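Show me how the following folds:
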Amino acid sequence: MPAKGMRSLFFHGKAPSFSFSSHSSPSRSSISFPTPQRNSSAASNISETMVEEILENAAVMIMKWNPESSAFGKLTSLFYESKPEARQFIKCVNDLQRVMHVLVSEDPTSEKLVHSHNLMQIAMKRLQKEFYQILSMNRAHLDPESVSSRSRSSRSASSTSDDDIDDGEDADLAGYSISEVEHVSSIAMADLKSIAECMISSGYAKECVHIYNMIRKSIIDEAMYKLGVERISSSQINKMDREIVELKIKNWLNAVKVSMTILFNGERILCDHVFAISKSVRESCFAHIAREAATLLFGFPQVLLTKTKKSYPEETIFRLLDMYTAISEHWPGIESIFGFESTATVRSEAINSLVRLSESVRSMLSEFEISIQKDSSKSAVAGGGVHPLTLRVMSYLSLLTDYSNVLADIFIDWTPPAKLPQPESEDTSVSTAISLRMVWLILVLVCKLDEKAKQYKEVSLSYLFLANNLQHVISAVRTSNLQYLLSGEWTSKHEAKVRQFAANYERLAWGVVLSSLPENISAEMSWQEARLFFRNFNFSLEETYQKQKLNAVPDAKLRDDIKASVTKKLVSVYKEFYDMHKVSVGGVRNAAMYVRFTPEDVAHYLSNLY
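Numbers count the residues shown, from 1 in each chain. Prediction:
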C-alpha cells in the first residue's frame, strides 16, 4: 500500500489542540521516573564566574522563548524557526541543570538556585510545548509506516545526532537517499529525542511522557479502529450473521498483518528512538500506547470461538486455520516487539488464542469424521459414478493440506487408532501425525463407500462404483498437497485396488457375453451350432450394451483402461470365432440375421461406452 494511502488510513489531517496553563507547570516532585546519575566531580569544577555566565546566557535564551512573556516566543516554534538556536536552547538547559546541581550542594536556599529553578520551569514549559507541536504537527510524517520505512532504508538515521541534522540537509541526511516523508520523519524524530533527553535528564520525565502517551496512543487507537478492530462481546458475536462474522475475520486477518509489519513495529521503533536515554521510560511508554490495542487484537479469536459451534459450517475450519497461521507466522515479531515484562499480557493473549484455535480445529475435524460415518444418503448414485460424499470429503481434505505446516503443529501429538496401518511419509519435513490423520480420514471414507456399494442390486455395478470412487480419491491425492503426506506405497496399493475392482466389474458385467461363445473356439461344429452361438452372442452383446451404456466412468484414464480391457478380451475371442465360422453360416439363408456384427463393429460398439 502506498505511503500516502496508509497515512490516510491512520490519521486525520487536523491535529488535536493542547494548551499549557499555569496550573500545569512542571513539578519535579511528581516525577516517578529515574533520572540519570550526575557527574558531581565535573559539576563541582564549575567556577563562580562560569555559574554567572551560564545563568545569564540561560536567562536570555529561555526568556526569549518564554511564551508567557514574549510575543515572539508565543507565536513562533523554536525547532521550526531555527535548528541551531534549538540546539543552543537545549545546551543552555543542560548547562543550567549542571549549575543547579552545584548550587544545591553549596546552598540549597540561595537566590540563584530559586532563580535557576524558575528558569528551568519556564524552559520545561517551552520544551513541553515544542514536544507537543512536533508530535501533533508531524502525525502524518510520524505514522508507523513512515517510521518503519525510514528504519528499513536508513538504519543509522535513528542514531544521528542533532548536529548532523539541519535545515537544507535534505540530500545529505545520514548519507542516505530517502523520500521527503522519511526525511521529515527523521528530523522530527531527532528533535523529539533531543527534547526527551533534556527533559528526562532534568527530572521532567513524567511531563514529557504524558504528552507522548496522549498523542501516540490516540494514533494507535485510531488506526486499529480504521482497520476494523473493535471490542466485541461474546453475546454480540452470537447474534451476528455468518456473513458478518466472515467479514470480521477477514478484517482481523488484514489487521494482524498491518499492525505487526507496520503499526506496532513502527511505534516500537519510534518509542525506542525518542526515549533511547531510558529503558524504563521506553518500556512504560510503549506498554501504555500499544498494550491495550494489541491485547484486543490478539484476543479476538477467543471471543469468536465462543459462538455456538453448530452455527458454523464445515468451511469455517479454513478461517480458523488462517487465523492460526496469522498469529504463528508473526510470533517472532510478537515476541520481539512485545518483549517487555509489562507487555507480557499481549504475548499471553496470542498464545491463548493459538491454543483455542488449535482445540477448535481438532474438534471440527473430529466432527467432520463423524459426519462421514453418519452420512445417511440412501439413494445409489446412477451408473455407479462418484458419490457426493467422496467429492465433498476429498475436496475438504485437499484444501486442508494447503495448511500442512500449521496442521502438523496442531496434530503433532495425535495418535491414530491401533488398527490403522502406519504409512511412511516420503516427505520427512512433514509431521507423521498429520499424515496419519489424513490416512485415517480417507480410510473412514473408503469404509463408508463399501457400505454404500451394497445399495446396488447388481454386484457388477457395486464394483464399478468402488472403482470410480477410489479412483477419484487417488486423483485428488495426486493433484493436491496430499501427495506429499501420503507415501508412494499407499498410492500404489490403492491403485492396485482400483484395478481389482475394475477387473471384477468386467468379469461380472461382460462375462455373460464371453460365455455366449464356445469355450473351445477352434473346435469343429456344424453350421447349425455356429448359428446358435452367433445368435446368443448378438443377444448377449446387445442386452449387456444397453445396460452398460447407462453406467459412467468419470475418470478418463480409468474409462479408457476399462474399455481397452473389455474390447481386447471380447473382440479377440469373437474375431477368432467369427473368422472360423462366418463362411459356414454365411451360406445359410438369412445369414445376416445371425452374423450381425463384424469384429470391427463390436470394437466400435464398445468405444461408445461410459
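
neighbouring contacts of stretch 247-263?
For stretch 247-263, contacts defined as Cβ atoms under 8 Å, 6 or more residues apart in numbering pick out 6, 10, 144-145, 148, 220, 223-224, 227-229, 232, 240, 293-294, 297, 300-301, 304, 319, 322-323, 326-327, 330, 333-334, 337. Using the backbone N, CA and C atoms, a C-beta is placed for each residue, glycine as well.

Can you turn the buried part of those into a ChimeraX selection?
In ChimeraX syntax, the buried subset of those is picked out as below (16 or more other Cβ atoms under 10 Å):
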select :6,10,144,145,148,220,223,224,227,229,240,293,294,297,300,301,304,319,322,323,326,327,330,334,337
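
Tell me which of the contacts of stretch 247-263 fall in strands.
Judged by DSSP state E, strands contain none of those.

And this structure, split by domain according to the record?
Annotated domains of the chain cover 37-158+177-208, 220-354, 382-496, 516-607 [automatic domain parsing].

and of those domains, who's closest to residue 371?
Closest to residue 371 of the domains of the chain is domain 220-354 (Cβ to Cβ; 7.7 Å).

Quick one: distance of the closest one to the chain centre.
Distance of domain 220-354 from the chain centroid (Cα atoms, centre = their mean, to the nearest Å) equals 12 Å.

Any idea how far apart the tips of it sit?
Using Cα to Cα, to the nearest Å, the end-to-end distance of domain 220-354 comes out at 24 Å.

Also stretch 395-406?
Counting by Cα to Cα, you get 18 Å between the two ends of stretch 395-406.

May I see the buried residues of it?
By 16+ other Cβ under 10 Å, the buried positions in stretch 395-406 come out as 396-398, 400-401, 403-404, 406.

hang on, residue 391 packs against residue 472?
Yes - at 7.3 Å, residue 391 counts as touching residue 472 under the criterion of Cβ atoms under 8 Å.

Leaving out the residues flanking it, which one is nearest to residue 503?
Spatial nearest neighbour of residue 503, chain neighbours left out: residue 565 (7.7 Å); criterion: Cβ to Cβ, 6 or more residues apart in numbering.

For that neighbour, pull up the helix or strand it's in.
In this assignment (DSSP states H and E), residue 565 forms part of helix 556-586.

Show me which positions of whatever helix or strand comes next after that helix end up buried.
Next helix or strand after helix 556-586 toward the C-terminus (DSSP H and E): helix 599-607. By neighbour count on 16+ other Cβ under 10 Å, the buried set for helix 599-607 is 599, 602-603, 605-606.

Please produce CSV containing these, extended by distance to residue 277 and pLDDT.
Below are the buried residues of helix 599-607 laid out as CSV (distance: Cβ to Cβ, whole Å; pLDDT from 0 to 100):
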residue, distance to residue 277, pLDDT
599, 97, 87
602, 95, 86
603, 91, 89
605, 92, 84
606, 89, 87
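
Out of these, which is nearest to residue 375?
Checking the buried residues of helix 599-607 against residue 375 with Cβ to Cβ, the nearest one is residue 606 at 34.6 Å.

who touches the nearest residue to the closest one once chain neighbours are set aside in this structure?
Ranked by Cβ to Cβ, 6+ apart and with sequence neighbours excluded, the top spatial neighbour of residue 606 is residue 567, at 4.9 Å. Applying Cβ under 8 Å, 6+ apart to residue 567 gives the contacts 602-603, 606-607.

I'd like these as JSON lines, with distance to residue 134 appended.
Formatted as JSON lines, these follow (distance: Cβ to Cβ, whole Å):
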{"residue": "602", "distance to residue 134": "93"}
{"residue": "603", "distance to residue 134": "89"}
{"residue": "606", "distance to residue 134": "86"}
{"residue": "607", "distance to residue 134": "83"}
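
between those, which is nearest residue 131?
Distance to residue 131, by Cβ to Cβ, is smallest for residue 607 among the contacts of residue 567, at 86.7 Å.

quick one: that closest one and residue 562 touch, right?
No - the pair residue 607 and residue 562 does not pass the contact test of Cβ under 8 Å, sitting 11.8 Å apart.

Find the pair from the contacts of residue 567 with maximum spatial separation.
Pairwise distances across the contacts of residue 567 (Cβ to Cβ) peak at 9.8 Å, for the pair 602 and 607.

worst-scoring helix or strand of the protein, pLDDT-wise?
Least confident element among the helices and strands of the chain, by mean pLDDT, DSSP states H and E: helix 3-10 (a mean of 38).

And the pLDDT for residue 91?
For residue 91, the pLDDT comes out at 94.

If you tally nearby residues, what's the number for it?
By other Cβ atoms under 10 Å, the residues close to residue 91 number 15.

Downstream of the helix or strand hosting it, the next helix or strand is which one?
Residue 91 is located in helix 83-106, with elements delineated by DSSP H and E. The element immediately downstream of helix 83-106 (helix or strand, assigned by DSSP H and E) is helix 111-137.

Which elements pack onto that next one?
helix 48-64, helix 78-81, helix 83-106, helix 180-201, helix 205-226 (3 or more Cβ pairs under 8 Å, 6 or more residues apart in numbering; DSSP states H and E).

and if we set it to 6 Å?
Secondary-structure packing of helix 111-137 (3 or more Cβ pairs under 6 Å, 6 or more residues apart in numbering; DSSP states H and E): helix 48-64, helix 83-106, helix 180-201, helix 205-226.
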